[in-house]
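Enquirer: missing the sequence, but the structure's below:
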């Protein structure tokens, strides 16, 4: 009874993804893509960003009632946060944000149902490019302008060496922000584990932001943002990640499912 009470309590209070059947092989592939350096410790996956994933947990009828879970689900995985060493320590709120994104990314890729007692996450369609080498601003503009459908220009933002790319006139689907390598050394929002060894190099980053809610994004939106990010990563030898911090190799990977 104690074990049941603990599992029910955790499922009721933490972000979780639920499945009608356990996607064993798909889950193994997904967590490895999310973090190539993931470690398995007993009943949990330990990620290098301070996030833990527990499971699989068998869902009993009693759990459905006690934890307020939707019916028809047989197995769950829930996320939590880990205590980190001083060098890697991050604010708990940031780790919980990553935990929520992980759960939603798994649900998107594996066809699961999100159960999260916290307020809904308002995520928009976006992609990030991480690279061990920067690129002159004119070259970045050359790569991205065709996807923006118009000429872009750079303007400084309040961080040393950072800049934003905006259209010369009119509106554009995505806004690009560039962050120099020193930003990656800060623990507030370090590079995601998905980029592997590149993470240790303190890479630079380009963020391609939109105002389109991720659940409303269509193929054309994803083709534009994903195509731009992948073109920039090809030019810089970088890695693209989505809003959930998973790696992206095709524009279709950005599509909500």
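Expert: Alright, I've got the coordinates. Bear in mind the structure is a predicted one, so any value in this text is a computation, not a measurement. Numbers count the residues shown, from 1 in each chain.
Enquirer: Where does pLDDT dip in the stretch 51-200 of the chain?
Expert: When the per-residue scores of the stretch 51-200 of the chain are filtered using pLDDT under 70, the ranges that remain are 86-87, 187-188.
Enquirer: run the last query once more with 80
Expert: Applying pLDDT under 80 to the predicted model, the residue ranges of the stretch 51-200 of the chain that meet it are 84-89, 170, 185-189.
Enquirer: Give me the pLDDT for residue 1.
Expert: At residue 1 the predicted local distance difference test score is 39.
Enquirer: Let me see the ranges of the strands in the stretch 1-150 of the chain.
Expert: The residue ranges that make up the strands of the stretch 1-150 of the chain, judged by DSSP state E, counting those that start in this stretch, are 16-19, 39-41, 44-46, 51-58, 75-81, 113-115, 124-131.
Enquirer: Could I get the ones you listed in JSON lines, plus columns for mean neighbour count and distance to residue 205?
Expert: Backbone N, C-alpha and C define where each C-beta goes, glycine included. Putting those into JSON lines (neighbours: other C-beta atoms under 10 Å; distance: least, C-beta to C-beta, whole Å) gives the following:
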{"stretch": "strand 16-19", "mean neighbour count": "26", "distance to residue 205": "27"}
{"stretch": "strand 39-41", "mean neighbour count": "10", "distance to residue 205": "25"}
{"stretch": "strand 44-46", "mean neighbour count": "18", "distance to residue 205": "24"}
{"stretch": "strand 51-58", "mean neighbour count": "19", "distance to residue 205": "20"}
{"stretch": "strand 75-81", "mean neighbour count": "23", "distance to residue 205": "23"}
{"stretch": "strand 113-115", "mean neighbour count": "17", "distance to residue 205": "27"}
{"stretch": "strand 124-131", "mean neighbour count": "24", "distance to residue 205": "5"}
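Enquirer: Break down the stretch 101-250 of the chain into its helices, ranges please.
Expert: Using DSSP state H, counting those that start in this stretch, the helices of the stretch 101-250 of the chain run over 137-148, 181-184, 219-236.
Enquirer: what's the longest one packed up against?
Expert: Using 3 or more C-beta pairs under 8 Å, 6 or more residues apart in numbering; DSSP states H and E as the contact criterion, the neighbours of helix 219-236 among helices and strands are strand 124-131, helix 137-148, strand 204-213, strand 239-242, strand 247-248.
Enquirer: contacts for that helix?
Expert: Helix 219-236 is touched from outside by 125-129, 131, 133-135, 139-140, 143-144, 147-148, 173-174, 206, 208, 210, 212, 238-240, 248-255, with contacts defined as C-beta atoms under 8 Å, 6 or more residues apart in numbering.
Enquirer: If any of the residues you listed are buried, give me the PyMOL selection for them.
Expert: Typed into PyMOL, the line below selects the buried ones among the contacts of helix 219-236, using 16 or more other C-beta atoms under 10 Å:
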select buried, resi 125+126+127+128+129+131+134+135+140+143+144+147+148+173+174+206+208+210+212+238+239+240+248+251+253+254+255
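Enquirer: From what I see, residue 11 and residue 65 are in contact.
Expert: No. The pair residue 11 and residue 65 fails to qualify as a contact (C-beta atoms under 8 Å) at a distance of 11.5 Å.
Enquirer: gap between the two ends of stretch 9-21?
Expert: Taking C-alpha to C-alpha, to the nearest Å, the first and last residues of stretch 9-21 lie 22 Å apart.
Enquirer: For it, give me every contacting residue.
Expert: Residues from elsewhere that reach stretch 9-21 (C-beta under 8 Å, 6+ apart): 54, 57, 59, 63, 66-70, 72-80, 99-100, 102-103, 106-107, 110-118.
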